[in-house]
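Q: coords please:
(one chain, ligands or ions: 1)
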Amino acid sequence: MRIDVVTIFPGYLAPLREALLGRAVGTGLLDIAVHDLRDWTHDVHQAVDDAPYGGGPGMVMRPHVWGEALDDVLAADPRPARLVVPTPAGRPFTQAAAHAYAAQERLVFACGRYEGIDQRVVDHYAASMPVDEISIGDYVLVGGEVAVLVVVEAVARLLPGVLGNPRSAAEDSFSDGLLEGPAYTRPEVWRGHAVPEVLRSGNHGAIARWRRDRALERTAERRPDLIAALPPDALDEADRAL
Ligand SMILES: Nc1cc(-c2ccc3ccn(Cc4ccccc4)c3c2)n[nH]1
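A: Predicted coordinates:
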């Protein structure tokens, strides 16, 4: 998979070169290119923003610089691409979206700053390619870069060979629609807190049941919306007895 990121703060994307993702890039599983939007400005001030039409606070990113940048970035590789634009007003980015993105040959991320990017940029490219405006949560960031780090990590970990242990991607949170339950490791007792007995019993049936019960309890308590969204046949009799 090829990933391009266009931003006025390329340094913000440095973490993509670290650890797991860094190795994925090094082994050719992932090809990441970060581009400085200001490379496509022509004025001495390298202006990328201007006052919003209709008034209002802050500045908006000008369409023509984005158009020149995205035209060049898209033309640099023949693979079909999906343009992803983080914004507070976007559709929620979910694990399902991460799986959909992991199946893409190429993702191009446009990182806005200020009050966002002139809407005509999204409208223009949406006429010739898939474009997603996405939100990573109901809180307001200062720009799109952190959202891109989140999305790239969530997607890259699903790519075969990126994670050391492929099982965990298939069985992690949200894969069965529930939150992950509690996890424990040595020592058996830490500051007076013992590991739940069942986890040391070797009884795999009881362990699976206990883990499912803890995941159901946690999900019902913290994310009742996920319980409500489960398909009717998702909960068995033992689940309902909880
Ligand atoms: N989930 C999520 C995404 C963002 C996000 C993404 C891109 C940008 C570009 C500029 N801003 C700042 C901004 C503040 C207020 C209104 C509009 C834009 C961004 C915020 N915040 N929260």
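
Q: check contacts around Trp210.
A: By Cβ atoms under 8 Å, 6 or more residues apart in numbering, Trp210 lies in contact with Pro196, Val198, Leu199. From N, CA and C alone the C-beta is placed, and that goes for glycine too.

Q: before we move on, what about Gly116?
A: Val60, Met61, Thr87.

Q: of the residues you listed - the most surrounded one?
A: Compared across the contacts of Gly116, Met61 has the highest neighbour count, 22 neighbours, by other Cβ atoms under 10 Å.

Q: name the nearest residue to that residue, ignoring sequence neighbours.
A: Ile117 (4.4 Å; Cβ to Cβ, 6 or more residues apart in numbering).

Q: please enumerate the helices of the protein.
A: For the chain, the helices defined by DSSP state H occupy 19-26, 63-75, 95-102, 119-126, 145-156, 166-170, 204-222, 224-228, 237-241.

Q: hey, which of these is tucked in deepest?
A: Ranked by mean neighbour count under mean count of other Cβ atoms under 10 Å, those are led by helix 145-156, which reaches a mean of 21.

Q: now do that helix against helix 95-102, angle only.
A: 80 degrees (axes from the mean of the first three to the mean of the last three Cα atoms, to 10 degrees).

Q: interface residues of the chain facing the ligand?
A: With Cβ under 6 Å from any ligand atom as the criterion, the chain meets the ligand at residues 86-88, 112-113, 115-116, 135-137, 139-144, 147.

Q: take those residues and keep only those in strands.
A: Pro86, Thr87, Pro88, Ser135 (DSSP state E).

Q: will you turn the helices of the chain into a markdown table that also has mean pLDDT?
A: Below are those laid out as a markdown table (pLDDT from 0 to 100):
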| stretch | mean pLDDT |
| --- | --- |
| helix 19-26 | 87 |
| helix 63-75 | 98 |
| helix 95-102 | 97 |
| helix 119-126 | 98 |
| helix 145-156 | 97 |
| helix 166-170 | 64 |
| helix 204-222 | 98 |
| helix 224-228 | 97 |
| helix 237-241 | 88 |
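
Q: how about JSON lines for these, with distance to Val34 added?
A: Formatted as JSON lines, those follow (distance: least, Cβ to Cβ, whole Å):
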{"stretch": "helix 19-26", "distance to Val34": "11"}
{"stretch": "helix 63-75", "distance to Val34": "10"}
{"stretch": "helix 95-102", "distance to Val34": "18"}
{"stretch": "helix 119-126", "distance to Val34": "19"}
{"stretch": "helix 145-156", "distance to Val34": "9"}
{"stretch": "helix 166-170", "distance to Val34": "25"}
{"stretch": "helix 204-222", "distance to Val34": "35"}
{"stretch": "helix 224-228", "distance to Val34": "34"}
{"stretch": "helix 237-241", "distance to Val34": "45"}
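
Q: which among those helices is found nearest to Thr41?
A: helix 63-75 (5.6 Å; Cβ to Cβ).

Q: okay, the contacts of Gly116 in TSV with pLDDT and distance to Asp236 next?
A: Compiled in TSV, these are given as follows (pLDDT from 0 to 100; distance: Cβ to Cβ, whole Å):
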residue	pLDDT	distance to Asp236
Val60	98	52
Met61	98	51
Thr87	98	40
